[in-house]
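Visitor: Show me how the following folds:
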Amino acid sequence: MNQGIEQFKRSGVLEINELLDKDKCASIYKKILNDRNWGEQLFRSESEVISSPQLTKTNPGKGVFNLAEKFDLSFIENNQTIRNYLNLILGKNYYIKLKKITIAACDDWIPKWLKDKVSKTPHLNLGPYIKKQYRNVSYFRGIDFHQDLTDLPDTNVDFITMYVYLNDIDATMSPLTAIESSHIYGCTRVPHYLKEDKDDNYIYYGIDENNCKRFKKKHLLGKMGSVYIWTGCTLHGATPSKINNDFRIALRYTIKKQNSEKSIIDKMTGQFFTGKEGELRDDIDQETKEYLNLKTKKILK
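Guide: Modelled structure (predicted):
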């Protein structure tokens, strides 16, 4: 566990391969797979979208049309290894703010009328185009590098995201890619400053072209039952699926601190920032502020 915590503190990402009971993961996976016909019939017609557009509230919420809440997930939430890590990272009084199922949609699901829009905007949010009866899970066809802090505006960065893979994920199935150590900048402006490196395993990221750093990409390829945890300021994204006969099904958790008890999340540089770019929390003492300023200057050299 010490090695995992050090990995998390350094990179902002914790990877625990094949941690969970595979039979229980497989059971949930099969139930989700059999819940509907996965394909073009999930989508609204073009005329419906034009006559009745809906750009918000097209994803499951807590207690609101959420398929994940229909399953017994105690084997995940009460797993002792997960609990131990969360107790260290967030403190003992954490709580689950949201859990939902995420689906990596395949290209051949996309209706003809939507294909042109999708090709021009490859990381388009598919929620507004999905029929209402199927919005109890979230659908992605790839997604740009982003921070989960955008899901919780006007909050301190005192939460983590946890992903659980419910099937085996390889490089063709829209795996998540995290930018290791990107949390050190705290909250950054959207669109984020990103510049590709000649080595595809790395990318430049920072405040702007004058204040950026070369970071390593971490492709989250994993077997069923693998668990991944990252900070709210860790940049991550996914490219669209390259195959159409299999797709990624995962559980996504947002887990937040309950009180002011100090924990690892408070000691990680990026976590001292509020939801506004470069702004330190009011409760940070002067000594810590000076340390952060020095560390940030060192990072940006």
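Visitor: Can you list the buried residues in stretch 73-81?
Guide: If you call a residue buried by 16 or more other Cβ atoms under 10 Å, then stretch 73-81 has these buried ones: Leu73, Phe75, Ile76, Asn79. Where you see a C-beta, it was placed from the backbone N, CA and C, and this is true even at glycine.
Visitor: Reformat those as JSON lines; add pLDDT, distance to Asn125 and secondary structure.
Guide: Converted to JSON lines, those look like this (pLDDT from 0 to 100; distance: Cβ to Cβ, whole Å; DSSP: H, G, I helix; E, B strand; the rest coil):
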{"residue": "Leu73", "pLDDT": "98", "distance to Asn125": "25", "secondary structure": "coil"}
{"residue": "Phe75", "pLDDT": "98", "distance to Asn125": "31", "secondary structure": "helix"}
{"residue": "Ile76", "pLDDT": "98", "distance to Asn125": "26", "secondary structure": "helix"}
{"residue": "Asn79", "pLDDT": "98", "distance to Asn125": "31", "secondary structure": "coil"}
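Visitor: Closest one to Tyr228 out of these, please.
Guide: Within the buried residues of stretch 73-81, proximity to Tyr228 (Cβ to Cβ) peaks at Ile76, which comes in at 12.6 Å.
Visitor: Val164 is in contact with that closest one, correct?
Guide: Yes: the pair formed by Ile76 and Val164 meets the contact definition of Cβ atoms under 8 Å, at 5.9 Å.
Visitor: anything in contact with each of those two?
Guide: Applying Cβ atoms under 8 Å, 6 or more residues apart in numbering, one finds that Ile76 and Val164 are jointly contacted by Leu20, Leu251.
Visitor: If we ignore the residues flanking it in sequence, what's nearest Leu33?
Guide: The spatially closest residue to Leu33, leaving aside those adjacent along the chain, is Ile249, at 7.2 Å (Cβ to Cβ, 6 or more residues apart in numbering).
Visitor: The one you found - how many residues pack around it?
Guide: For Ile249, the number of neighbouring residues by other Cβ atoms under 10 Å comes to 23.
Visitor: which ones are touching it?
Guide: Residues touching Ile249, when contacts are defined by Cβ under 8 Å, 6+ apart, comprise Tyr29, Ile32, Leu33, Ile101, Thr102, Ile103, Ala104, Leu166, Asn167.
Visitor: if you look at those residues, which of them are in helices?
Guide: With helices taken from DSSP state H, the overlap with the contacts of Ile249 comprises Tyr29, Ile32, Leu33.
Visitor: what would those look like in a markdown table with distance to Leu67, neighbour count and pLDDT?
Guide: Below are those laid out as a markdown table (distance: Cβ to Cβ, whole Å; neighbours: other Cβ atoms under 10 Å; pLDDT from 0 to 100):
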| residue | distance to Leu67 | neighbour count | pLDDT |
| --- | --- | --- | --- |
| Tyr29 | 13 | 17 | 98 |
| Ile32 | 7 | 21 | 98 |
| Leu33 | 12 | 13 | 96 |
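Visitor: tell me which of those is nearest to Val137?
Guide: The nearest member of the ones in helices among the contacts of Ile249 to Val137, counting by Cβ to Cβ, is Ile32 at 7.6 Å.
Visitor: residues contacting that closest one?
Guide: Leu67, Ile101, Val137, Leu166, Ile249.
Visitor: same question, Leu176
Guide: Taking Cβ under 8 Å, 6+ apart as the definition of contact, the neighbours of Leu176 are Tyr163, His219, Leu220, Tyr228, His236, Gly237, Ala238.
Visitor: what are the bridge partners for it, then?
Guide: Following DSSP bridges, Leu176 is listed with bridge partners Leu220, Ala238.
Visitor: now do His146
Guide: Assessed by DSSP bridges, His146 has beta-bridge partners His236.
Visitor: tell me the contacts of the closest residue in space to Met224 that isn't next to it in sequence?
Guide: In space, not counting the residues next to it along the chain, Met224 is nearest to Cys25; the distance is 4.9 Å by Cβ to Cβ, 6+ apart. Cys25 makes contact with Val164, Tyr165, Leu166, Asn167, Met224, Gly225, according to Cβ under 8 Å, 6+ apart.
Visitor: Tell me which helix or strand comes right after whichever strand or helix holds Ser119.
Guide: Following DSSP states H and E, the helix or strand that holds Ser119 is helix 112-120. Heading C-terminal from helix 112-120, the first helix or strand you meet, by DSSP H and E, is strand 138-140.
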